[in-house]
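**Student:** Give the three-dimensional model of this entry:
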Amino acid sequence: MRSQAAIFRLSTFATGLERPWGAALLPDGRLLVTERPGRLRMVLPDGRVSAPLAGLPPVEARGQGGLLDVAPAPDFARTREIFLCYAAQVQEDGVTGALTRLVQAKLTPEQDGLEEVTPLLDATPMQPSGRNHFGCRIAFDGADLLYFSTGDRYANKQRAQRLNDLAGKILRLTRQGRVPSDNPFLSRDDARPEVFSYGHRNPQGLARNPWTGSMWASEFGARGGDEVNVLQPGANYGWPLVSYGLDYDNTPIGTGRTTMPGVEDPVFHWTPSVSPSGMAFYDAQAFPGWRGSLFLAALNPPGLVRLTTQGDRVTGEERLLFDRRIRMRHVVVAPDGALLILTDESRGRILRLSPVE
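**Tutor:** Just a heads-up that it's a prediction; the model follows:
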């Protein structure tokens, strides 16, 4: 197969997964993969898939909820520490609802399960209705701080604008779940100190730009208005005040405008939608022509999007594999420079894009 900047081969790397959602490479080349129904598996470098790991907490696997992202600590080789986020069922005053939860855990010495599972943060308040828009991506920056995305939970768009509400935000924490001393809203009584940025709809892509050090996020719009944003501390990204798309009933969203003072513009947006989920920057040697690209897994229409970048700007777009009609949930760069793509299927797979000499 041919891209504008590479020739590649598409193959199946692993099978036997159900709705794989998140994936994280370990230092030895193994891949931790979450399945949305609530299982965590280890995929070996040869594509073999382990039995489900033991010790996972219960998850709310309804609607768009379930076990979602996973990320190893930067010093995983020494600590065996990982981070998971998922939809959790909670009860308050006899009312049952759901929220996005972040936990810290360790792989057992045998690496067949989890131990020391410790909740770090609940994206409160919980919502008694609806099982959509949990967000739930995790990424580390170069300073050992953890970024964590939450969705607006769909039922009430305005949650994304409320600084005392953790829905529709990018949150920033230390690995121990504490608030960094330079978080932007730390001194405000009307805001949660964990908030790094706000006005997000349902951010399911989060990755650090290796050339600039900035954190980038992708999020779903409604009928159009999908976005890629470069995150700035304390910035408002507009949802639901402005959008490049329409609501599902074709009515304008918020002000009906695409931009407004005090709101950060996306660095790239799509109308019609591509429904961008997980993403990864490409800085490997296997595909020299793809270096400097940002890859995004797309769900609808399904395929793989390649954005060319320069610094913190997007300079172009290429769409790959859209003719295959495979819903794609996440993309990871393998140790050898190949791309690994998680498919959003009940008989889920990991696809591999490798170079052709």
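
**Student:** from here on, contacts and neighbour counts on C-alpha atoms
**Tutor:** Fine.

**Student:** residues of stretch 229-246 that come out buried?
**Tutor:** 229-232, 235-246 (16 or more other Cα atoms under 10 Å).

**Student:** for the stretch 101-250 of the chain, which spans come out with low pLDDT?
**Tutor:** Along the stretch 101-250 of the chain, no part satisfies pLDDT under 70.

**Student:** Which residue ranges of it form helices?
**Tutor:** For the stretch 101-250 of the chain, no helices turn up when DSSP state H, counting those that start in this stretch is the criterion.

**Student:** now, which of the buried residues of stretch 229-246 sits nearest residue 164?
**Tutor:** Nearest to residue 164 among the buried residues of stretch 229-246 is residue 236, at 14.0 Å by Cα to Cα.

**Student:** Do I have it right that that closest one meets residue 265?
**Tutor:** No: Residue 236 lies out of contact with residue 265 (Cα atoms under 8 Å); the separation is 9.3 Å.

**Student:** Once you drop chain neighbours, what's closest to residue 237?
**Tutor:** residue 199 (4.7 Å; Cα to Cα, 6 or more residues apart in numbering).

**Student:** just to revisit the earlier point, pull the most distant pair out of the buried residues of stretch 229-246.
**Tutor:** Using Cα to Cα for every pair in these, the one that comes out farthest apart is 232 and 246, at 25.4 Å.

**Student:** on that earlier part again, now for the residue nearest to residue 237: which residues touch it?
**Tutor:** By Cα atoms under 8 Å, 6 or more residues apart in numbering, residue 199 lies in contact with 160, 161, 168, 169, 236, 237, 238, 239, 240.

**Student:** swap in residue 168?
**Tutor:** 135, 149-153, 159-161, 198-203.

**Student:** what separates it from residue 189, distance-wise?
**Tutor:** Distance of residue 168 to residue 189, given as Cα to Cα, to the nearest Å: 19 Å.

**Student:** Residue 49 too?
**Tutor:** 48 Å.

**Student:** So these two - more neighbours on which side?
**Tutor:** Higher neighbour count among residue 49 and residue 189: residue 49, with 18 against 10, using other Cα atoms under 10 Å.

**Student:** surely that one meets residue 30?
**Tutor:** No: with contacts counted by Cα under 8 Å, residue 49 stays clear of residue 30, the gap being 10.1 Å.

**Student:** Mind listing the shared neighbours of these two?
**Tutor:** Joint contacts of residue 49 and residue 30 (Cα under 8 Å, 6+ apart) are 42, 43.

**Student:** who does residue 298 bridge with?
**Tutor:** Partner residues in beta bridges with residue 298, using DSSP bridges, are residue 276, residue 303.

**Student:** mind checking pLDDT for it?
**Tutor:** At residue 298, the pLDDT value in this model is 98.

**Student:** And the one 5 residues further on, by the same measure?
**Tutor:** What the model reports as pLDDT for residue 303 is 98.

**Student:** Distance of it relative to residue 328?
**Tutor:** Taken as Cα to Cα, the span from residue 303 to residue 328 is 6 Å.

**Student:** before we move on, back to that, can you tell me which two in the contacts of residue 168 are farthest apart?
**Tutor:** So for the contacts of residue 168, where distance means Cα to Cα, the most widely separated pair is 135 and 161, at 15.4 Å.

**Student:** Between the two, which has more neighbouring residues?
**Tutor:** The neighbour comparison of residue 135 against residue 161 (other Cα under 10 Å) goes to residue 135, with 33 against 24.

**Student:** Show me the helices in the stretch 251-357 of the chain, by range?
**Tutor:** Going by DSSP H, counting those that start in this stretch, the stretch 251-357 of the chain shows no helices.

**Student:** which stretches of it form strands?
**Tutor:** Applying DSSP state E, counting those that start in this stretch to the stretch 251-357 of the chain gives strands spanning 268-270, 276-282, 293-299, 302-310, 313-320, 328-333, 339-343, 348-355.
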